[in-house]
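# Predicted structure and sequence below. I'll ask about it afterward.
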Number of protein chains: 4
Amino acid sequence: MKDVQNRRDRRKIPIDKVGIKDLQYPISVLDRANKSQDTTARINMYVNLPHHFKGTHMSRFVEVLNDHHGRISVEEIEDVLLEMQRRFKCESVHIEMTFPYFVEKAAPASGAKGLVDYECAFYASLGPVKGSKKPGLNLVIEAKVPVTMLCPCSKEISERGAHNQRSIITIKARTVELVWLEELIEIAEKAASSPVYALLKRPDEKAVTEGAYDRPRFAEDAVREVAKKLKNDSRVAWFQVESENQESIHNHNAYAMVVSG
Amino acid sequence: MKDVQNRRDRRKIPIDKVGIKDLQYPISVLDRANKSQDTTARINMYVNLPHHFKGTHMSRFVEVLNDHHGRISVEEIEDVLLEMQRRFKCESVHIEMTFPYFVEKAAPASGAKGLVDYECAFYASLGPVKGSKKPGLNLVIEAKVPVTMLCPCSKEISERGAHNQRSIITIKARTVELVWLEELIEIAEKAASSPVYALLKRPDEKAVTEGAYDRPRFAEDAVREVAKKLKNDSRVAWFQVESENQESIHNHNAYAMVVSG
Amino acid sequence: MKDVQNRRDRRKIPIDKVGIKDLQYPISVLDRANKSQDTTARINMYVNLPHHFKGTHMSRFVEVLNDHHGRISVEEIEDVLLEMQRRFKCESVHIEMTFPYFVEKAAPASGAKGLVDYECAFYASLGPVKGSKKPGLNLVIEAKVPVTMLCPCSKEISERGAHNQRSIITIKARTVELVWLEELIEIAEKAASSPVYALLKRPDEKAVTEGAYDRPRFAEDAVREVAKKLKNDSRVAWFQVESENQESIHNHNAYAMVVSG
Amino acid sequence: MKDVQNRRDRRKIPIDKVGIKDLQYPISVLDRANKSQDTTARINMYVNLPHHFKGTHMSRFVEVLNDHHGRISVEEIEDVLLEMQRRFKCESVHIEMTFPYFVEKAAPASGAKGLVDYECAFYASLGPVKGSKKPGLNLVIEAKVPVTMLCPCSKEISERGAHNQRSIITIKARTVELVWLEELIEIAEKAASSPVYALLKRPDEKAVTEGAYDRPRFAEDAVREVAKKLKNDSRVAWFQVESENQESIHNHNAYAMVVSG
């Protein structure tokens, strides 16, 4: 059977990334509290394609995933990338995985437990490094952390109350040593007016309400607090932090972003 | 050229709705303040298909839209439906349009003006009515109204502050006389702790913060307030009202719904 | 601590549904091939609220989920509903769960295996039944099945080729006896021009291409084929089937729907 | 009234972008055929915030928009940015607008006309330029172009038919002179197996089916064809082109991307 993809292409245009996008797949992720958790991911996998090949072989991406049976934690991710490199005989390989990640949290007063979901992601690639024979691993981990944000201006200028809202703090960190998703989540929650919870009894609701009122934070404050922490973390080579408040008084969002270096 | 759609189908299964879905189209909608406003819609159009026809002719839906040049307000919608009925020679025809609708609102203290967007929809159909020779028009109008909701429980049990959040109140109303989208919007905003605005200066933010604190409302309260109003409106033959709070203290929403009769 | 929700409401408006929406939660679902599979769900839970209560207690919904540790297959779902009824002391209770469901499929020529994801849902409620003391269970299962659809008209009128596209066939079935999600999936795939696969080697791609070309189907055909099957299945008390073609020649979709009875 | 935002911040962390996100607003865009078209946009506006200020004044973003009455074509966009710079007294300002853009197209055989919608965007910023006193304008225009893609491999290895699907070609171009959105759209459509249309009569469907069959293209081909064109266009200083096939034989997409220089 003819191999159309393997034909020679004469346009002299190499392709930066070619592959599959938005494949849904069950995965198992390393978890600080329970060793591992089962969840479901949306996966993108790409390779570079030299200018002289007409196309790539898309089925091989799924074969690589199948060979790893969905065990694609930070530990295994380099193996997956190396296997892609071997199978595609190419220089640069990329895998991106987005998945809900669940962490059990105790409510602040009652201690009642509930699972909070965080949208997390791994962006990993392996490619040539200038002046080195060994290809370099580039790993960015991401956590989207829902929090409560209470507006300092609204509190200060109002005689009673203060507008507050759900906000999403998104941290991306290029790591050179293991950083747990749980660590990013904690950094984000501490930078906010309050964490959110899945299960709050009335004494908890009182504690969260008063706690948030006592810690007013702008979107600007949240990203600065996170940035301050990550700048001093030697495991983090680069980061970006965003905070997006789903404003309770507007139908649009308030946004702030800091990127390192 | 053969007309495959017109062939006889022998499975004896009539089709309730067949047509086009998710067509994006610029439309012009009647507007209480400015006569008309230009916006963009996602449109679905369906007809019924008797059991003996194999298929419908999808291009005719777009032709009907083109003939009306996107003027598809409540006034023109019956004409569009009659034209569909004529062109498809069928009993039941349906059109659904979802679009952002903009209303200028003045901020509560400064009077500063800004456009607030509301996701609105028309669901219209024309079909046989039992005991009548004239087909009946069924028109449901919908407005999704972003508002501020401040939790009565949080306020009552906390020594300071109260959690609040953006909430979407969705009203669907089957109308037998003209009801403006602006009327549904006002009913929803009055049922909430506060309306939201596009543009708030500091004195406005103070007014909105204090106003919401003084009018705590559960999702349950909002739907009851709206239901009370619509029950007594003779122009409304049926309604459904939902309130969905994007809880600032949880990563899930609080929801309430009342449907008439 | 005051219980604001328990206060008397005087508006005389009962609430049809009140609860939590869009809670993300890891679940375990019964699976025909492997006994059970771990996946992640978006969950809604509602109860009715009599007119004289001001509000419901939202934290109890999450407590019920926690008590069942996410084991919420068709088998366990009635237990969850009964527990909700007991805990809320109400008449009607509802749970809705939407989740990706993975089925291993062998490619048609090579037999290569891959996991295909199907967006599935359970909609379950328990409520009063006229003329009966026992509350009735109402269970609707849903599968959204991606398939290939090849246009019969395009094939017939063209000298070569035929436009085809990914289509989603959505089956909702109210079941009175166990029906596997896998059964709905198979019914949908047989009604289409071809199933889709996660992993196709070249001989498989040839088989799928030629197979789809040999089985042209309109959206109308797909819903009729599914309807024919479900009408004769005594385990199915009601159904709705939709087919939505993501047309390769348009930027809008073609749609057909049949609802039983 | 106190100005909390203006207070001194001592964390020494400047903020790269702060502003409003996802504001929906009616806009009027310059149009090659009709001078201008009315549509609706989702708008983000950001400024940089020096390290010593605590927060930005979010209401000013909406004021700038209001002052321009939504006339925000490529022509006016620099004025909007200059006004932001003046009002915020800052170095870098950004505006991003995403909107459906409608182009009338004639069907290939019948000449029947219909509006096709393209998701388009402007990303504009104004900021300091090294070695220059004048701030530099950075303008990227984007068009997402739905097309038909027919698989060369499937055609070659199959005795009849070939799988094809809707694909989205996304072109981003940093322009130094006016480039019409219509030009990007034409470049994308010529790189594909076929354009898509809103309205096709049967002779048109035959023409599109056969035309696509005669022009098989991988996602890889599409991005190379576009890249070839843009490399030679002196008005384009930088570009990125992506093609994402919504594969009719898979439930995931095929993807290719080329970025310039």
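Nice, I can see it.

# Tell me if I'm right that A:V103 and A:E182 touch.
Yes: applying Cβ atoms under 8 Å as the test, A:V103 and A:E182 come out as touching, 6.2 Å apart. Heads up, the C-betas are built off the backbone N, CA and C, glycines and all.

# which neighbours do these two share?
A:A33 (Cβ atoms under 8 Å, 6 or more residues apart in numbering or on different chains).

# what about the two, which has more around it?
Neighbour comparison, A:V103 and A:E182: the larger count goes to A:V103, with 20 against 15 (by other Cβ atoms under 10 Å in any protein chain shown).

# Would you agree that one falls within a strand?
Yes: when DSSP: H, G, I helix; E, B strand; the rest coil is applied, A:V103 is found to be in a strand.

# Give me the pLDDT for it.
Looking at A:V103, its pLDDT is 97.

# mind checking which helix or strand the spatially closest residue to A:G136 that is not a sequence neighbour is in?
Leaving aside its sequence neighbours, A:G136 sits nearest to A:V129 (Cβ to Cβ, 6 or more residues apart in numbering or on different chains; 3.9 Å). Under DSSP states H and E, no helix or strand contains A:V129.

# Test for you: state the pLDDT assigned to A:V129.
On the pLDDT scale, A:V129 gets 80.

# likewise the one 3 residues further on?
With respect to pLDDT, A:S132 has a value of 80.

# Which helix or strand contains it?
A:S132 belongs to no helix or strand, assigned by DSSP H and E.

# what's the answer for A:T170, then?
strand A:164-175.

# That strand - contacts with which helices or strands?
strand A:136-150, helix A:181-191, helix A:219-231, strand A:236-245, strand B:164-175 (3 or more Cβ pairs under 8 Å, 6 or more residues apart in numbering or on different chains; DSSP states H and E).

# Out of the ones you listed, flag the one nearest B:A254.
Closest approach to B:A254 among the helices and strands packed on strand A:164-175 (Cβ to Cβ): strand B:164-175, 8.3 Å.

# Give the buried residues for the biggest strand by length in chain A.
Secondary structure of chain A per DSSP state E: the longest strand is strand A:15-31. Neighbour-count burial for strand A:15-31, counted by 16 or more other Cβ atoms under 10 Å in any protein chain shown, picks out A:15-21, A:23-31.

# what's the closest of those residues to D:P203?
Taking Cβ to Cβ as the measure, A:K21 is the one of these closest to D:P203, at 35.1 Å.

# Give me the local confidence score for the closest one.
98.

# hang on, it packs against D:E244?
Yes: with contact defined as Cβ under 8 Å, A:K21 and D:E244 form a contacting pair (6.1 Å).

# so what sits against both of those two?
D:N253, D:A254, D:Y255.

# Quick one: the helices and strands packed on strand A:164-175 as JSON lines, columns for mean pLDDT and distance to D:A237 too.
Shown next, in JSON lines, are the helices and strands packed on strand A:164-175 (pLDDT from 0 to 100; distance: least, Cβ to Cβ, whole Å):
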{"stretch": "strand A:136-150", "mean pLDDT": "96", "distance to D:A237": "27"}
{"stretch": "helix A:181-191", "mean pLDDT": "98", "distance to D:A237": "36"}
{"stretch": "helix A:219-231", "mean pLDDT": "98", "distance to D:A237": "30"}
{"stretch": "strand A:236-245", "mean pLDDT": "98", "distance to D:A237": "25"}
{"stretch": "strand B:164-175", "mean pLDDT": "98", "distance to D:A237": "40"}
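
# So which of these is nearest C:V64?
That would be strand A:136-150 among these, by Cβ to Cβ, at 22.1 Å.

# what element comes up after that closest one heading to the C-terminus?
Note on strand A:136-150: by DSSP H and E, the next helix or strand toward the C-terminus is helix A:152-157.

# Can you list the helices and strands that that next one packs against?
Using 3+ Cβ pairs under 8 Å, 6+ apart: helix A:152-157 touches helix B:202-214.

# Pull the number of nearby residues for A:P108.
Neighbour tally, A:P108, other Cβ under 10 Å: 18.

# Let me know the closest of the buried residues of strand A:15-31 to chain C.
Proximity of the buried residues of strand A:15-31 to chain C (Cβ to the nearest Cβ) peaks at A:Q24, which lies at 3.9 Å.

# Can you name the residues that contact the nearest residue to the closest one once chain neighbours are set aside?
What sits nearest to A:Q24 in space, not counting adjacent residues and going by Cβ to Cβ, 6+ apart, is C:D117, at 3.9 Å. Contacts for C:D117 (Cβ under 8 Å, 6+ apart) come out as A:Q24, A:Y25, C:P100, C:Y101, C:F102, D:N251.

# and C:D117, helix, strand or coil?
Relying on three-state DSSP, one would call C:D117 strand.

# From chain D, how far off is the residue of the stretch 101-250 of chain A found nearest chain C?
Of all residues in the stretch 101-250 of chain A, A:D117 sits closest to chain C, with a separation of 3.9 Å (Cβ to the nearest Cβ). Distance from A:D117 to chain D, counting by Cβ to the nearest Cβ, to the nearest Å: 22 Å.

# sorry, back to before: ok, which of the shared contacts of A:K21 and D:E244 also contact chain A?
Among the shared contacts of A:K21 and D:E244, the residues within reach of chain A (Cβ under 8 Å from any Cβ of the partner chain) are D:N253, D:A254, D:Y255.

# Is the last one in a helix, a strand, or coil?
When you say that, I think you mean D:Y255. D:Y255 ends up strand, using three-state DSSP.

# give me the number of residues near it?
23.

# Over to the first one?
Using other Cβ under 10 Å as the criterion, D:N253 is surrounded by 22 other residues.

# That one: what's its closest spatial neighbour, skipping adjacent residues?
D:N253 sits nearest to A:K21 (Cβ to Cβ, 6+ apart), 4.3 Å away.

# got the contact list for the one you found?
A:N44, D:E244, D:H252, D:N253, D:A254, D:Y255.

# ok, 10 Å please
A:42-46, A:61, A:96, D:219, D:242, D:244-247, D:252-256 (Cβ atoms under 10 Å, 6 or more residues apart in numbering or on different chains).

# One more: A:C120?
Contacts of A:C120 (Cβ under 10 Å, 6+ apart): A:29, A:39, A:41, A:97-102, A:141-145, A:171, A:181, A:184-185.

# what's the closest non-adjacent residue to the residue of the stretch 51-200 of chain A found nearest chain B?
Nearest residue of the stretch 51-200 of chain A to chain B: A:G161, at 3.1 Å (Cβ to the nearest Cβ). Take A:G161 and drop its neighbours on the chain: the residue closest to it by Cβ to Cβ, 6+ apart is B:Y213, 3.1 Å away.
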